[in-house]
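Colleague: okay, sequence plus prediction incoming.
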Amino acid sequence: MTEPPTPQVSYAELTLQLTRLGLNAPDLGSAMQPVLDALVTHTAADGAGYFQWWESEQTFRIRAVSGRHPWHATSGLPATLPLIQALRAADSVSFYTDTLTHPAATGFPALGMHALIAAPVHDRQGHLIGALLAHAHIPHVWTDIECALTGSVTGLLALLAARLDAEEREREAHESALRTLGLFLEARDAETHGHTDRVTQLAVRLGRALNLDEPSLCALRWGAYLHDIGKITLPDDVLRWPGPFSPAQRERMRVHVEEGVSLAQQLTFLPQPALDVIAAHHERWDGSGYPLGQRGQNIPLPARIFAVCDVFDALTSNRPYKHAWSTDEALAFVQSASGTHFDPQVVQALVKVLGHHAA
């Protein structure tokens, strides 16, 4: 049997630290990490993991891990696993001294887990939405101190997980709805099929290359889906006009930007950087764009990123009025417009992301 490490802080202090970390965490995985680390540090557990229910896969997918763990050997915990069935009915933490002797722990000895802590996380309706597991590689009698610590941190975890799980599911619903709207706009605009997804994916790749954090990448993605939402207000004889615009048609087309911002602002969950993409992706680095004639770094970075991606995808796609350009041809054009139409830093990042060196 192993003995847990001597705590370096009191459990009350530890719980307070974890609460502060959890309340400031931007997502479920990062909220779970300090809880898992605390279990590995302050108990005999060799490793710990948090698993979140994934409806589309009918499994509990790993979200965060700490210490030594065998989860690389599995894609998650299936809903039919005996332990999951036990956790569905449990309202508190379960402690297994020797997994070989507990039917609910079937399958865990084969993974090298011979002592186990299993904590359920339920939503408000009582559905199991998550499971925290901590394990030791040899049988172990969990002490009263370890049980008290586990009960304390898993109580905190349950509150955090239920809140963050709901927030993540809400974000996923928003994501799906925004992408669907983007695809509808693409179809009405007679864009090349796949434009919305291609330009969004490229924008996210470029955003990562420019070190945007995850919330900023999400906002960039949402703005990309809705970048031309204002075109929903355009009549077909403008939207699908095959030739050069008259001055009146050009002015009507430009108004779609302000109209798009006005429409998007009704979606109160959209963050400001997403609105920036809609509002400023037709601005130009030299100030010659529209609608406000913004210049240089006064143009929000998400809009500068998206503008390059939007033009690049348009150039490399077949349209009724032109054939698709090659990647090298499109990159050469984008580079020629660096410092006038586009942010030079963003252009350099695009060339690097695509792995080309057009002249």
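Modeller: Ah, there it is.

Colleague: tell me where the stretch 51-200 of the chain has strands.
Modeller: Ranges of strands within the stretch 51-200 of the chain are 59-67, 77-78, 94-96, 115-122, 128-136, based on DSSP state E, counting those that start in this stretch.

Colleague: using a markdown table, please lay out those together with mean neighbour count and distance to Arg169.
Modeller: No exception for glycine: its C-beta is placed from N, CA and C like everyone else's. Rendered in a markdown table, the data for the strands of the stretch 51-200 of the chain read as follows (neighbours: other CB atoms under 10 Å; distance: least, CB to CB, whole Å):
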| stretch | mean neighbour count | distance to Arg169 |
| --- | --- | --- |
| strand 59-67 | 20 | 13 |
| strand 77-78 | 17 | 19 |
| strand 94-96 | 19 | 26 |
| strand 115-122 | 23 | 14 |
| strand 128-136 | 25 | 9 |
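
Colleague: turn the ones you listed into a markdown table, including distance to Thr143 and mean pLDDT.
Modeller: Compiled in a markdown table, the strands of the stretch 51-200 of the chain are given as follows (distance: least, CB to CB, whole Å; pLDDT from 0 to 100):
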| stretch | distance to Thr143 | mean pLDDT |
| --- | --- | --- |
| strand 59-67 | 18 | 88 |
| strand 77-78 | 26 | 90 |
| strand 94-96 | 10 | 95 |
| strand 115-122 | 12 | 91 |
| strand 128-136 | 12 | 91 |
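
Colleague: for Gly107, which of the ones you listed is the nearest?
Modeller: Using CB to CB as the criterion, the shortest distance between Gly107 and the strands of the stretch 51-200 of the chain is 9.5 Å, found for strand 77-78.

Colleague: partner strands of that closest one, with direction?
Modeller: Taking DSSP bridges as the criterion, strand 77-78 forms sheet pairs with strand 59-67 (antiparallel).

Colleague: for the stretch 201-350 of the chain, give me the ranges with low pLDDT.
Modeller: Within the stretch 201-350 of the chain, the ranges that satisfy pLDDT under 70 run 239-243, 320-321.

Colleague: all helices of the stretch 151-300 of the chain, in order?
Modeller: In the stretch 151-300 of the chain, helices defined by DSSP state H, counting those that start in this stretch lie at 195-209, 214-225, 236-239, 247-254, 256-264, 272-280, listed in chain order.

Colleague: what residues sit buried inside the second one?
Modeller: Residues 216-225 are the ones in helix 214-225 that count as buried (16 or more other CB atoms under 10 Å).

Colleague: what's the angle from it to helix 272-280?
Modeller: Put simply, helix 214-225 runs at 30 degrees to helix 272-280, going by axes from the mean of the first three to the mean of the last three CA atoms, to 10 degrees.

Colleague: what is helix 214-225 packed up against?
Modeller: Helices and strands touching helix 214-225, by 3 or more CB pairs under 8 Å, 6 or more residues apart in numbering; DSSP states H and E, are helix 144-188, helix 195-209, helix 272-280, helix 301-315.

Colleague: tell me which other helices or strands the helix or strand that Leu36 is a member of touches.
Modeller: Mapping Leu36 onto the secondary structure by DSSP states H and E places it in helix 28-42. Here helix 28-42 is seen to pack against helix 11-23, strand 47-54, strand 59-67, strand 128-136, helix 144-188 when contacts are counted using 3+ CB pairs under 8 Å, 6+ apart.
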